[in-house]
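Visitor: Would you be able to build a 3D model of this:
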Amino acid sequence: MKYKIHQIRLNELERAIVNQKGHQALTKQIRKLDMEFAEGDVLKKLTHESLKAGDYDYVADITANNLDEVFYIGNMDIPREENAHINDIDDMYSVSMGNIIESDEARYVVASMGFVKI
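Guide: Sure, this is the predicted structure:
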């Protein structure tokens with residue numbers, strides 16, 4: 001099955017703002033960092049806010065049998081171009097908390113332990 005990976009990434013201007021003024025200077029960065037400590041309904045709420053704000057970028061497709069395998073493949077320590085399971089569309093980093101994994105049936109956000117359906 002093919003899964004779409006969506007990640008929150010900062011562009012060059014946003015990175016400059018964070019580097020100059022700190023993480024709290026950018027709402028997008030605050031939401032991303034808050035996701036690292038969120039669970040359950042709070043994580044869902046933050047994810048929906050980030051989706052609504054357009055924070056997520058579609059970065060890759062991963063071919064896998066299930067969500068756990070998507071996470072495993074998305075964290076393999078081999079170059080992307082050598083990993084036949086990943087179609088890197090826009091410079092994906094490793095699959096981590098706050099990322100969205102989308103299948104034809106549903107979307108999930110990666111939580112500290114497992115996945116939360118959104």
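
Visitor: What about Glu14, how many residues nearby?
Guide: Number of residues near Glu14 (other Cβ atoms under 10 Å) recorded here: 14. C-betas here are computed from N, CA, C, even on glycine.

Visitor: That one: which element?
Guide: helix 12-21 (DSSP states H and E).

Visitor: give me the element the nearest residue to Ala111 once chain neighbours are set aside is part of.
Guide: Closest residue to Ala111 apart from its sequence neighbours, by Cβ to Cβ, 6 or more residues apart in numbering: Leu43 at 5.9 Å. Element membership of Leu43 [criterion: DSSP H and E] is helix 40-53.

Visitor: what sits against the residue nearest to Ala111?
Guide: Contacts for Leu43 (Cβ atoms under 8 Å, 6 or more residues apart in numbering) come out as Met35, Val109, Ala111, Val116.

Visitor: Helices of the protein, start to end?
Guide: Assigned by DSSP state H, the chain shows helices spanning 12-21, 27-35, 40-53, 67-73.

Visitor: Partner strands of the worst-scoring helix or strand of the chain on mean pLDDT, with direction?
Guide: Using mean pLDDT, DSSP states H and E, the weakest-scoring helix or strand in the chain turns out to be strand 86-88, at a mean of 90. Strand 86-88 has the following strand partners under DSSP bridges: strand 56-63 (antiparallel).

Visitor: What lies in contact with the strand it pairs with?
Guide: Here strand 56-63 makes contact (Cβ under 8 Å, 6+ apart) with 1-9, 50, 70, 73-74, 84-92, 95, 100.

Visitor: Name the residues of it that are buried.
Guide: Buried residues in strand 56-63, defined by neighbour count with 16 or more other Cβ atoms under 10 Å: Tyr56, Asp57, Val59, Ala60, Asp61, Ile62.

Visitor: now stretch 3-21
Guide: For stretch 3-21, by 16+ other Cβ under 10 Å, it's Tyr3, Lys4, Ile5, His6, Gln7, Ile8, Arg9, Leu10, Ile17, Val18.

Visitor: what separates the most centrally placed residue in the chain from Val109, distance-wise?
Guide: Nearest to the geometric centre of the chain sits Asn99, at 1.9 Å (Cα atoms, centre = their mean). From Asn99 across to Val109, the span is 7 Å (Cβ to Cβ, to the nearest Å).
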